[in-house]
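Participant: here are the coordinates; sequence isn't available:
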Ligand SMILES: *Cc1c(COP(=O)(O)O)cnc(C)c1O
């Protein structure tokens with residue numbers, strides 16, 4: 001089954017643009033609520049960096065999820081969309097003073113701290129505001145995720161987090177500080193993870209750490225396992241809602257929570273990935289040597305994932321049912337990497353056809369740039385067309 005798009009509406013809009021299926025997004029969110037709600041004290045946050053379109057953020061906020069931010073700008077966007085500050089967590093290896101101060105002013109739920117110097121500065125800035133900041137330590141669990149090297153974050157070689165060896169020292173240190181309160185442990189091993197074995201490895205590592213802490217009579221209130229659940233880029237319509245049942249079940253089965261501990265999740269891609277498509281128009285069909293190009297008006301400035309990560313996105317001709325031919329689908333940017341897909345089978349393409357680049361709801365619009373002095377793409381939701 002292929003998804004139906006409101007083509008007549010699309011024809012009235014300037015391309016390229018992002019289109020978000022609000023109904024699919026709402027169904028995805030209610031599945032998350034239902035599956036995580038089966039377990040006590042499971043608390044899901046949305047990773048704002050995946051997509052901060054205000055309309056998308058508002059729909060997610062309405063579902064009751066919290067927000068996971070990685071910058072002051074994201075904290076502002078989350079507050080603006082109505083996320084309550086006590087549901088905002090803030091991670092990042094390079095938090096600047098104004099960003100920390102912003103989090104303190106709003107009294108956000110928790111700072112996920114990634115180094116000792118950062119902890120010291122949070123303590124100092126909190127003292128200046130006469131506040132006590134809740135902090136969790138982001139621990140680098142040295143667990144690999146079987147995913148693209150650029151999106152693996154939980155290996156010892158990555159820049160993220162505090163190493164397990166340093167954890168004891170950091171906990172000793174935090175006990176001596178007056179304006180920070182140690183409330184939890186945070187982890188995030190990577191993105192686009194489809195092998196539940198990677199999450200099981202993380203659970204096992206957390207269990208070991210909890211044992212170690214327990215032997216020091218330390219039980220933290222909060223465990224945050226980050227995000228990373230992937231989506232099916234090859235078949236956007238086959239299982240448009242990721243398998244959240246299996247995801248939460250995996251944590252329930254393998255992670256040993258202590259009584260009263262809350263388990264936090266930070267899902268980005270799995271929440272918004274499948275509801276978004278980049279809609280772009282064919283400008284020219286050009287015959288090359290032994291191939292033909294469909295040259296579209298969208299480019300790597302609108303969706304950089306194929307150029308940046310060699311990511312695959314399914315490409316469809318939304319306005320043709322003619323016999324299939326093979327094309328390289330390329331954008332207009334002056335870079336050889338500005339290619340959405342090579343040797344793609346599409347219903348015969350002509351000038352003016354609308355092309356849908358699927359599964360583009362996550363790390364799409366938010367990563368757009370104005371390289372080549374291009375305008376940023378607009379984003380519409382299906383709610384806009386009712
Ligand atoms: C990016 C990120 C996430 C979300 O990752 P997804 O793969 O989109 O689920 C969660 N937590 C942190 C700390 C992140 O940096």
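Facilitator: Perfect, thanks for sending it. As the structure is a prediction and not an experimental result, all values here were calculated from the model.

Participant: make it CA atoms for all contacts and neighbour counts henceforth
Facilitator: Fine.

Participant: All the helices of the stretch 101-250 of the chain, residue numbers only.
Facilitator: 116-128, 164-175, 196-214, 244-254 (DSSP state H, counting those that start in this stretch).

Participant: Give the buried residues for the shortest one.
Facilitator: Residues of helix 244-254 classed as buried under the neighbour-count rule (16 or more other CA atoms under 10 Å) are 244, 247-248, 250-252, 254.

Participant: quick one: low-confidence parts of the protein?
Facilitator: In the predicted model, the chain carries pLDDT under 70 at residues 1-2, 144-159.

Participant: If we use 50, what do you get?
Facilitator: 1 (pLDDT under 50).

Participant: Up against the ligand, what does it have?
Facilitator: Residues of the chain lying near the ligand by CA under 6 Å from any ligand atom: 47, 50, 91, 188, 191-192, 226-229, 266-269.

Participant: now, the most widely separated pair of the residues you listed?
Facilitator: With CA to CA as the measure, no two of those lie farther apart than 91 and 192, at 19.0 Å.

Participant: hang on, residue 279 in a strand?
Facilitator: Yes - under DSSP: H, G, I helix; E, B strand; the rest coil, residue 279 sits within a strand.

Participant: Now do the contacts for it.
Facilitator: 15-19, 298, 354-357 (CA atoms under 8 Å, 6 or more residues apart in numbering).

Participant: mind redoing it with 10 Å?
Facilitator: 10, 14-19, 296-298, 315-318, 354-358, 360, 377 (CA atoms under 10 Å, 6 or more residues apart in numbering).

Participant: For ChimeraX, write a command that selects the buried ones of the residues you listed.
Facilitator: Here is the ChimeraX command that selects the buried residues among the contacts of residue 279 (16+ other CA under 10 Å):
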select :10,15,16,17,18,19,296,297,298,315,316,317,318,354,355,356,357,358,360,377
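
Participant: residue contacts, the closest residue to the ligand within the stretch 1-150 of the chain?
Facilitator: The nearest approach of the stretch 1-150 of the chain to the ligand comes at residue 47, 4.9 Å away (CA to the nearest ligand atom). By CA under 10 Å, 6+ apart, the residues touching residue 47 are 66-70, 74, 89-90, 226-228, 265-272.

Participant: Could you rerun that using 6 Å?
Facilitator: Counting by CA atoms under 6 Å, 6 or more residues apart in numbering, residue 47 makes contact with 68, 266-268.

Participant: which strand residues sit across from it in the sheet?
Facilitator: Per DSSP bridges, the residues bridged to residue 47 are residue 68.

Participant: ok, so what distance separates it from residue 274?
Facilitator: 15 Å (CA to CA, to the nearest Å).

Participant: cool, residue 328 as well?
Facilitator: In terms of CA to CA, residue 328 sits 23 Å off from residue 274.

Participant: picking up where we left off before, quick one: which of the contacts of residue 47 sit in strands?
Facilitator: 68, 266-267 (DSSP state E).

Participant: Kindly indicate which of those residues lies nearest residue 29.
Facilitator: When the ones in strands among the contacts of residue 47 are compared against residue 29 (criterion: CA to CA), the nearest one is residue 267, at 10.9 Å.

Participant: That closest one touches residue 224, doesn't it?
Facilitator: No - distance between residue 267 and residue 224: 11.2 Å, which falls outside the contact criterion (CA atoms under 6 Å).

Participant: residue contacts, the most centrally placed residue in the chain?
Facilitator: Geometric centre of the chain, nearest residue: residue 268, 2.9 Å, by CA atoms, centre = their mean. Residue 268 makes contacts with 46-47, 50, as judged by CA under 6 Å, 6+ apart.

Participant: okay, those in a markdown table with distance to residue 366 next?
Facilitator: Converted to a markdown table, these look like this (distance: CA to CA, whole Å):
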| residue | distance to residue 366 |
| --- | --- |
| 46 | 15 |
| 47 | 12 |
| 50 | 7 |
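
Participant: Show me which positions of stretch 93-112 end up buried.
Facilitator: So for stretch 93-112, counting by 16+ other CA under 10 Å, buried means 93, 95, 99-104, 107-112.

Participant: Equivalent analysis for stretch 213-229, please.
Facilitator: 213, 219-229.

Participant: thinking again about what came up before, so which of the contacts of residue 279 belong to helices?
Facilitator: The helices, defined by DSSP state H, take in residue 10 from those.

Participant: and the contacts of residue 279, which of them are in strands?
Facilitator: 17-19, 296, 315-317, 354-357.

Participant: What is the most widely separated pair among these?
Facilitator: Farthest pair in those, by CA to CA: 19 and 296, 16.6 Å.

Participant: give the contact list for residue 184.
Facilitator: Taking CA under 6 Å, 6+ apart, one finds 136, 220-223 in contact with residue 184.

Participant: Cool, thanks, talk later.
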